[in-house]
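*Asks:* Fold the following, please.
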Amino acid sequence: MKFALKQIASAAALVAVSSAAFAVSPNIAVSNYSSGTTDIYLSGSSAVDLALEKFIANTCVANTLDSYRSDAVGKTYYLWTCSSASGANFGLASNTKIAIHKNTNSSAEGVTGVVDSAAALSYLQVADVSSTSGCTSATVASTATIPAYNQFVCGTTIGNAGVPATTHATDFGFADSEPAQFNAAKASQLTTAYPFSLIQGVTVTKNLRDALQTQQGLTSGSETLANMPSISTSTVNAIFTGRALTLTDLGLTAGDDNLYLVRRSNGSGTTRSFESRFVGNLCNSGLAAMTAATTLVTASIGTQCNVVGAATPGTQNLQAGTSDDLVSCLNSWNTNGAYAIGYLTTDYTPVSGDGYRWLKVDGYEPSLKNVADGKYKVWSELSLNYNKATGLGVSTTDKSKFYAFLKASSSSKTLMSEVVQNLGQKTDGVNTTWTGGIIGAYPNNKNASGWGLTAANSLAVAKRTDAEMLANPANPLSRATTTGYNLCATPYSAPGYVNE
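*Replies:* Sure, this is the predicted structure:
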């Protein structure tokens, strides 16, 4: 199995893991979903999945959520089943049986897949999980704010179903940036909300992190924030445009001297945000584009991401279909002694057994606080999209209520704080020193429902802390314009807000 459960929740929060059959029984037997179930079908960005699971966990009736997933052909298929609580954020009637299906690939699919209703997507169905053999299972422990729930991870098969065979039209989709970045014509056919921002960052194999620590006079192998090495924007640009291909180019002597690279596709919203800040060609024509790469196949990660000693530097660059595949590739490369680099949204947090780590950029870690202070600039506003022509369903209002719940997510300071604190983003591997993940949007002409900022008398405080950002995870910055969001626009601050 290529996916590690600890990528969703910290290892300390998982119990009762088994590789042969489920050691944990589902909270609600799948047979209970044979009738009377509200089904919701989602598509798009893989970067939002970890946060989305926490949003769902926060709103289900306690001890009813079961999270299922299967990975194949560069995609991840999720199925979340539970009973909805009366008056909770779903907005559904008490004890409604709900099955939330997600086809995860890239942000582009969260745009085109929503408009192209004729091109139905594959989804994991309740029937696919009727057999529970051959999968791993775990219980994610409860926290002060989110009840415990079960996770079932089945690699490339789930029961005997393999890749989900049932197709369905998408109700709504996610993209890590404005829809026009992926298809301007189809963007005009969508109704879009921007509930929160995602923070992206540079991640490297642990061996490369350790080498950079030594080079920069830090303690090699240390997981403290003070010993997190930094890389400059110009160096990131050189690496991802193919001008820096070796460790020698970085002033290092290690391994086979190759600098291995794994990136996401051009349809990835994480790529779009990364390009806008580090590459530049997305916003300025004529600049060098991000280097091309060979497609990474989910089932072949162990083979493709262990090639060490390439004769020609740069020839082993890979392109992952999902963020999970990128993480798995970095882990594999680290195990096999290759020094590699990639990029992710910061809701991914490595724990001690993982083979990847984060870097600072120009001296700043990719944290909520540094975004709010205007020091860390690699973030994008997530778009939540549905087709104007089909709406969200005529026979039921349940889909509309679920959409409204996600759209208004950052209107609840309590909900945003609970989700952020439960993403496991309080650590840099060992120590509670910085926070990444998602950050709530503030009210503006493109996001009328956002709860936004802390109390007015705190806007001018020059020295905010990580603890304050966990309690108030609000982004005072936006790239909204009078005509729409623009990832290339210079972020502007809310009135009265003072950057540190």
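
*Asks:* contacting residues for Leu247?
*Replies:* 211, 253-255, 257-259, 339 (Cβ atoms under 8 Å, 6 or more residues apart in numbering). Heads up, the C-betas are built off the backbone N, CA and C, glycines and all.

*Asks:* Stretch 171-187: which residues count as buried?
*Replies:* 171-183, 186-187 (16 or more other Cβ atoms under 10 Å).

*Asks:* For stretch 373-385, buried residues please.
*Replies:* 373, 375-385.

*Asks:* Kindly report the same for stretch 255-262.
*Replies:* Neighbour-count burial for stretch 255-262, counted by 16+ other Cβ under 10 Å, picks out 255, 257-262.

*Asks:* JSON lines for the buried residues of stretch 373-385, including distance to Phe240, pLDDT and secondary structure?
*Replies:* Shown next, in JSON lines, are the buried residues of stretch 373-385 (distance: Cβ to Cβ, whole Å; pLDDT from 0 to 100; DSSP: H, G, I helix; E, B strand; the rest coil):
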{"residue": "Asp373", "distance to Phe240": "25", "pLDDT": "88", "secondary structure": "coil"}
{"residue": "Lys375", "distance to Phe240": "21", "pLDDT": "92", "secondary structure": "coil"}
{"residue": "Tyr376", "distance to Phe240": "18", "pLDDT": "94", "secondary structure": "coil"}
{"residue": "Lys377", "distance to Phe240": "16", "pLDDT": "91", "secondary structure": "coil"}
{"residue": "Val378", "distance to Phe240": "13", "pLDDT": "93", "secondary structure": "coil"}
{"residue": "Trp379", "distance to Phe240": "18", "pLDDT": "94", "secondary structure": "strand"}
{"residue": "Ser380", "distance to Phe240": "17", "pLDDT": "92", "secondary structure": "strand"}
{"residue": "Glu381", "distance to Phe240": "22", "pLDDT": "91", "secondary structure": "strand"}
{"residue": "Leu382", "distance to Phe240": "23", "pLDDT": "92", "secondary structure": "coil"}
{"residue": "Ser383", "distance to Phe240": "24", "pLDDT": "92", "secondary structure": "strand"}
{"residue": "Leu384", "distance to Phe240": "28", "pLDDT": "92", "secondary structure": "strand"}
{"residue": "Asn385", "distance to Phe240": "28", "pLDDT": "92", "secondary structure": "strand"}
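
*Asks:* Please identify which of those is nearest to Lys97.
*Replies:* Among these, Leu384 lies closest to Lys97 (Cβ to Cβ), at 23.6 Å.

*Asks:* From the centre of the protein, give me the residue that's furthest out.
*Replies:* Taking Cα atoms, centre = their mean, the residue of the chain most remote from its mean C-alpha position is Ala311, at 33.9 Å.

*Asks:* sec struct for the residue nearest to Ser268 when sequence neighbours are not counted, please.
*Replies:* Nearest residue to Ser268, sequence neighbours excluded (Cβ to Cβ, 6 or more residues apart in numbering): Ser106, at 4.7 Å. Secondary structure assignment for Ser106 (DSSP: H, G, I helix; E, B strand; the rest coil): coil.

*Asks:* in terms of contact, does Ser106 touch Val48 like I think?
*Replies:* No: assessed by Cβ atoms under 8 Å, Ser106 is found out of contact with Val48, at 11.5 Å.

*Asks:* How far does stretch 465-483 sit from its chain's centre?
*Replies:* When C-alpha coordinates are averaged (Cα atoms, centre = their mean, to the nearest Å), stretch 465-483 and its chain have centres 18 Å apart.

*Asks:* next one: stretch 167-176
*Replies:* 16 Å.

*Asks:* can you dump the C-alpha coordinates of that stretch into CSV?
*Replies:* Extracted in CSV, the C-alpha atoms of stretch 167-176 (Å, rounded to 0.1, in the frame of the first residue of the first chain):
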residue,chain,number,x,y,z
THR,A,167,-19.9,7.1,-12.7
HIS,A,168,-21.9,10.1,-11.7
ALA,A,169,-22.2,13.8,-12.6
THR,A,170,-20.3,16.1,-10.3
ASP,A,171,-22.3,18.3,-8.0
PHE,A,172,-19.6,20.8,-7.3
GLY,A,173,-15.8,21.0,-7.4
PHE,A,174,-12.7,22.5,-5.8
ALA,A,175,-9.9,24.5,-7.4
ASP,A,176,-6.9,26.0,-5.5
